[in-house]
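[1] What would the 3D arrangement of this be:
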Amino acid sequence: MIRAILVFNNHGKARMTKFYEYYPEDMQHQIVRETFHLVSKREDNVCNFLEGGTLIGGSDYKLIYRHYATLYFVFCVDSSESELGILDLIQVFVETLDKCFENVCELDLIFHVDKVLYILQELVMGGMVLETNMTEILTRIEEQNKMEKQEAGIAAAPARAVSAVKEMNIPQKIKDIKLPDLPSIGNLKF
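    Residues are numbered from 1 along each chain as shown. Okay, the predicted model is just below:
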């Protein structure tokens, strides 16, 4: 089972974290810091698997990571997960991000965290791998984008109504209303 997914930059700044076990927020920060120190000091030509840090399970857990440009993608898993399977999952995740953001970069993770988490939820939910077929994942993302566009159209309806009312030129229309002549007060009897 996947226990946590961490994405951080070359300086250890977390860009996305997803924990599938409860950890208090300060402990999550410590886990990111410890994981960064474990992963960043490794040479590029060494294996991408290592034992988990002391804060996230020690030797019972494995850290499986890939380093792309300025970002580390780290999956913390228990012994039931295949290391090569998780490496492939990281590759699918990064390629899917790349297709969605057209050459994904660190800023995409910062400014579109909701979309990144949605993509991640298409891959992994509750620590279990759901889907590894990138075509299927991209299809679901396209469906989500269509729904968002439809909702944006519905949300824009009140603004369009206000615009239509403004274009009606109501003050001029009120002046143009022809009212029938009213009887004068002198002709009325009380």
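[2] drop to CA atoms for contacts and neighbour counts, all remaining ones
    OK.
[3] looking at the chain, which helix or strand is least sure?
    helix 157-167 (a mean of 63; mean pLDDT, DSSP states H and E).
[4] Tell me how far residue 26 lies from residue 32.
    10 Å (Cα to Cα, to the nearest Å).
[5] now swap in residue 142 and tell me
    32 Å.
[6] who has more neighbours, these two?
    Taking other Cα atoms under 10 Å, residue 142 and residue 32 do not tie; residue 32 has more neighbours (23 against 13).
[7] element containing that one, please.
    Residue 32 is part of helix 25-40 when elements are defined by DSSP states H and E.
[8] Can you give me the buried ones in that helix?
    By 16 or more other Cα atoms under 10 Å, the buried positions in helix 25-40 come out as 28, 31, 32, 33, 34, 35, 36, 39.
[9] what's the answer for stretch 129-144, then?
    129, 131, 132, 134, 137, 138, 141.
[10] Three-state assignment for the last one, please.
    To tie it back to what came earlier, the one meant is residue 141. Put simply, residue 141 is helix when judged by DSSP: H, G, I helix; E, B strand; the rest coil.
[11] so what's it closest to, chain neighbours aside?
    residue 119 (7.2 Å; Cα to Cα, 6 or more residues apart in numbering).
[12] List the backbone torsions phi and psi for that neighbour.
    phi -60, psi -40 (degrees, to the nearest 10).
[13] From the centre of this structure outward, give me the first residue you hit.
    Centroid-nearest residue in the chain: residue 114, 2.2 Å away (criterion: Cα atoms, centre = their mean).
[14] For the helix or strand encompassing that residue, buried residues please.
    Take DSSP H and E as the rule and residue 114 turns out to sit in helix 113-123. For helix 113-123, a neighbour-count test (16+ other Cα under 10 Å) marks 115, 116, 117, 119, 120, 121, 122, 123 as buried.
[15] tell me what it is packed against?
    For helix 113-123, the elements it packs on are helix 83-101, helix 134-155, judged by 3 or more Cα pairs under 8 Å, 6 or more residues apart in numbering; DSSP states H and E.
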